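Chemist: below is the sequence, then the predicted model.
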Amino acid sequence: MEDWAPFYQLITENRSKDIESSLLNYHESLQYISDANGFTLIHSCVIHEKEAILDCLIKHEKSLPDANNALILNWINKPNRDGYTPYHLAITKGNLTMVKYLTLSGADIDIKTPLGLGPVHLAAQGDFADLVAYFAEIGISLMDTDSKQATPLHLAAYMGAYYSSAVLVSLNVPFDSKNRDGHTPLHLAVLSDNARIVRLLLLKGASRSIKDAKGRTPLHISKESGLIDIVDMLKPEGVLAKCGYKPLLSPYKYSVRPFIILCTLLLTVSVLAIVFCSQYHTLACYSFAASAIFVLIMLVIVSNINPGYLFKLKGDKLSRLYQDHNYNEICPDCIILRPPRSRHCHYCERCVSKFDHHCQWVNNCIGSRNLGWFYGFIWSLWISDFLLLYICSHAFVFGSKQGGEIEKLPYFESDFIAGLLGALGLLGIFPISYLVVIQTKNFCINKTTSEQFSKGASKDKTNENKNCWLSNFYLMCCNEGEGSYKHGAKSFSSTNSKASDYQMMFEEST
Ligand SMILES: [Zn+2]
Ligand SMILES: [Zn+2]
């Protein structure tokens, strides 16, 4: 074995049998073999992803009569001419199996590349979420900095590596550290025009106001570069977002205030309408009272029912999930494999099956288990609002027939109360009608609000079906809980044998 070129060739061609037979008659060390670029045989195995041959080579070294563990470790950690050890190369290949093998074989996880990149930097910039998760699991720091003071999250944000960014932020790495140029990961996501990572960082609480070394905030940079979508995200959030008609792009602060406001408003309007307007149309008023009570009952049900939260199975490891499944099927926050149509709610910090949206007014997520109830709630609200408008307008008509002399009631004039209630009814009828129309349309085509309005929804064909509108309506409205899960799993199992791996259980309400 004087000329080593054929040996490298055997590795390239994955001829493990030939290598094994060659090594049987060879009793010298392989550690001193390297090519012109400083690649050892281990480098070669890693580059060509030949785990079996690598194992064979290391076993050969350990079987030699004068085997020396320190020298073997030195061989495993030997850098090539560019300063990359086999461990670095295994990471840049995104090969978790090889990385695990080298880790167990004693590879030095602290060696950095000449640019100061550690294992997590390399995995993060290559968007290898499984590797980032694995490094976190074995205790490697996620906050090491390279020669430019960049953390792995800086590199992931700049390289547009969404999945590794998602793992890093789910592990609560600080979002607002600065690199040598004063850039936070948010600055870098904007500089690389990656709206998805900008959204992720904002949802997790990245600061919008930090300035870089040139005094620019992320918003300044997006305006300079003409990135309209990102400018919209970085602007201060408006009334629509705060009222729940547009998704918030900041961490949700739990508050029952919208729910209390809605309950108080419903109760006050109902009592006032009954007290001040019943004299004009008793039947309509009692109908309204009955509908208002029904609305309140529906509200209590929708806000208290488990929307279909998914939960983690014991023993699940994030790196394993990423290794075995598509990255987009995994939720790094919940550490679960998500069934089709489920989504992580950033308000609840949980994944919800058949996620529709999070409703701040009912203080709950809307998902597979309470979609039907929510639909009933908005319909009852709509009917109740129409009855209120009818009562108020009837009060006015009745009053005008009396020549404007409306009977005075204690403290208030009833036309003033009727006018106020009518104005409230009119104000509410537009958003409620919008909700009723949108949800009815969604129910007829078996799509959730999230699926209808997410940017990738139009390209996603997984949920399309050819059922008639009535069947779709049933699936959306009544196929709650386990039923909707069976439906999702059935449609998925036809294309993916891993469907059985789904955590097809719900956490029961307590
Ligand atoms: Zn989740
Ligand atoms: Zn939620």
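Modeler: Noted; the coordinates are in hand. Ligands and ions are numbered 1, 2, ... in the order given.
Chemist: contact partners for Val173?
Modeler: Neighbouring residues of Val173 by C-beta atoms under 8 Å, 6 or more residues apart in numbering: Leu142, Met143, Thr151, Pro152, Leu153. For every residue, glycine as well, the C-beta is placed using N, CA and C.
Chemist: list buried residues within those.
Modeler: Using 16 or more other C-beta atoms under 10 Å as the burial test, the contacts of Val173 include Leu142, Thr151, Pro152, Leu153 as buried.
Chemist: next, format the residues you listed as a markdown table and append secondary structure and distance to ligand 1.
Modeler: As requested, these are exported to a markdown table (DSSP: H, G, I helix; E, B strand; the rest coil; distance: C-beta to the ion, whole Å):
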| residue | secondary structure | distance to ligand 1 |
| --- | --- | --- |
| Leu142 | coil | 20 |
| Thr151 | coil | 24 |
| Pro152 | helix | 22 |
| Leu153 | helix | 19 |
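Chemist: with pLDDT added, can I get those residues in a markdown table?
Modeler: Shown next, in a markdown table, are the buried ones among the contacts of Val173 (pLDDT from 0 to 100):
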| residue | pLDDT |
| --- | --- |
| Leu142 | 94 |
| Thr151 | 96 |
| Pro152 | 96 |
| Leu153 | 97 |
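Chemist: pretty sure Phe7 contacts Phe39?
Modeler: No. Here Phe7 lies out of contact with Phe39, judged by C-beta atoms under 8 Å, at a distance of 11.8 Å.
Chemist: pLDDT wise, what is Thr217 at?
Modeler: On the pLDDT scale, Thr217 is placed at 95.
Chemist: i'd like the first residue to be 283 from this point on
Modeler: Fine by me, first position is 283 from now on; the one you just mentioned is Thr499.
Chemist: what about it, distance to Leu437?
Modeler: Look at Thr499 and Leu437: by C-beta to C-beta, to the nearest Å, they are 21 Å apart.
Chemist: who has more neighbours, the two?
Modeler: Regarding Thr499 and Leu437, a neighbour count based on other C-beta atoms under 10 Å identifies Leu437 as having more, with 26 against 19.
Chemist: once you drop chain neighbours, what's closest to that one?
Modeler: Of all residues not flanking Leu437 in the chain, Gln407 sits nearest, at 4.1 Å (C-beta to C-beta, 6 or more residues apart in numbering).
Chemist: count of neighbours near the one you found?
Modeler: 23.
Chemist: check whether stretch 612-625 comes into contact with ligand 2.
Modeler: No. Counting by C-beta under 5 Å from the ion, no contacts exist between stretch 612-625 and ligand 2, the nearest distance being 9.6 Å.
Chemist: my read: Gln721 touches Leu663, true?
Modeler: No. With contacts counted by C-beta under 8 Å, Gln721 stays clear of Leu663, the gap being 11.6 Å.
Chemist: more neighbours: which of these two?
Modeler: Per other C-beta under 10 Å, whichever of Gln721 and Leu663 has more neighbours is Leu663, with 24 against 21.
Chemist: can you give the distance of the host helix or strand of that one from its chain's centre?
Modeler: Using DSSP states H and E, Leu663 sits in helix 653-683. Its chain's C-alpha centre and that of helix 653-683 lie 38 Å apart, by C-alpha atoms, centre = their mean, to the nearest Å.
Chemist: what pairs with the residue minimising distance to the centre of the chain across the strands?
Modeler: The central residue of the chain, meaning the one whose C-alpha is nearest the mean C-alpha position (C-alpha atoms, centre = their mean), is His626 at 4.9 Å. Beta-bridge pairing for His626 (DSSP bridges): Cys633.
Chemist: so who does it touch?
Modeler: By C-beta under 8 Å, 6+ apart, His626 lies in contact with Cys613, Asp615, Cys616, Arg620, Arg632, Cys633, Val634.
Chemist: and if you look at Cys327?
Modeler: Taking C-beta under 8 Å, 6+ apart, one finds Ile293, Glu333, Ile335, Leu336, Leu339, Pro368 in contact with Cys327.
Chemist: which stretches of the stretch 533-682 of the chain have low pLDDT?
Modeler: The model of the stretch 533-682 of the chain has pLDDT under 70 over residues 535-536, 560-563, 678-682.
Chemist: how about the residues of it near ligand 1?
Modeler: Contacts of the stretch 533-682 of the chain with ligand 1, taken as C-beta under 5 Å from the ion, map to Cys613, Asp615, Cys616, His626, Cys633.
Chemist: mind doing that once more with 8 Å?
Modeler: 592, 613-616, 618, 620, 625-627, 631-633 (C-beta under 8 Å from the ion).
Chemist: restricted to buried residues, select these in ChimeraX.
Modeler: The buried residues among those can be selected in ChimeraX (16+ other C-beta under 10 Å) with this line:
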select :592,613,614,615,616,618,620,625,626,627,632,633
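Chemist: closest one of the residues of the stretch 533-682 of the chain next to ligand 1 to Arg297?
Modeler: Distance ranking of those against Arg297, using C-beta to C-beta, places Pro614 first at 39.4 Å.
Chemist: quick one: that closest one and Ser326, what's the gap?
Modeler: Computed as C-beta to C-beta, the Pro614 to Ser326 distance reads 34 Å.
Chemist: same question, Leu485
Modeler: 43 Å.
Chemist: who has more neighbours, those two?
Modeler: Ser326 (25 against 17).
Chemist: how is this protein divided into domains?
Modeler: 283-393, 430-533, 539-591+638-777 (automatic domain parsing).
Chemist: among those, which one carries the weakest average confidence?
Modeler: Note on the domains of the chain: lowest mean pLDDT is at domain 539-591+638-777, with a mean of 75.
Chemist: all strands for the stretch 633-782 of the chain, in order.
Modeler: In the stretch 633-782 of the chain, the strands defined using DSSP state E, counting those that start in this stretch lie at 639-641, 646-648.
Chemist: in a markdown table: the contacts of Val455, plus distance to Gln642.
Modeler: Formatted as a markdown table, these follow (distance: C-beta to C-beta, whole Å):
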| residue | distance to Gln642 |
| --- | --- |
| Leu424 | 32 |
| Met425 | 34 |
| Thr433 | 33 |
| Pro434 | 34 |
| Leu435 | 29 |
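Chemist: and which of those is nearest to ligand 2?
Modeler: Ranked by distance to ligand 2 (C-beta to the ion), those are led by Leu435 at 25.3 Å.
Chemist: that closest one against Ser452, yeah?
Modeler: No. Counting by C-beta under 8 Å, Leu435 sits too far from Ser452 to count as a contact (11.3 Å).
Chemist: coming back round to it: which of the residues of the stretch 533-682 of the chain next to ligand 1 lies closest to Arg651?
Modeler: So of these, ranked by how close each gets to Arg651 (C-beta to C-beta), first place is Leu592, at 11.4 Å.
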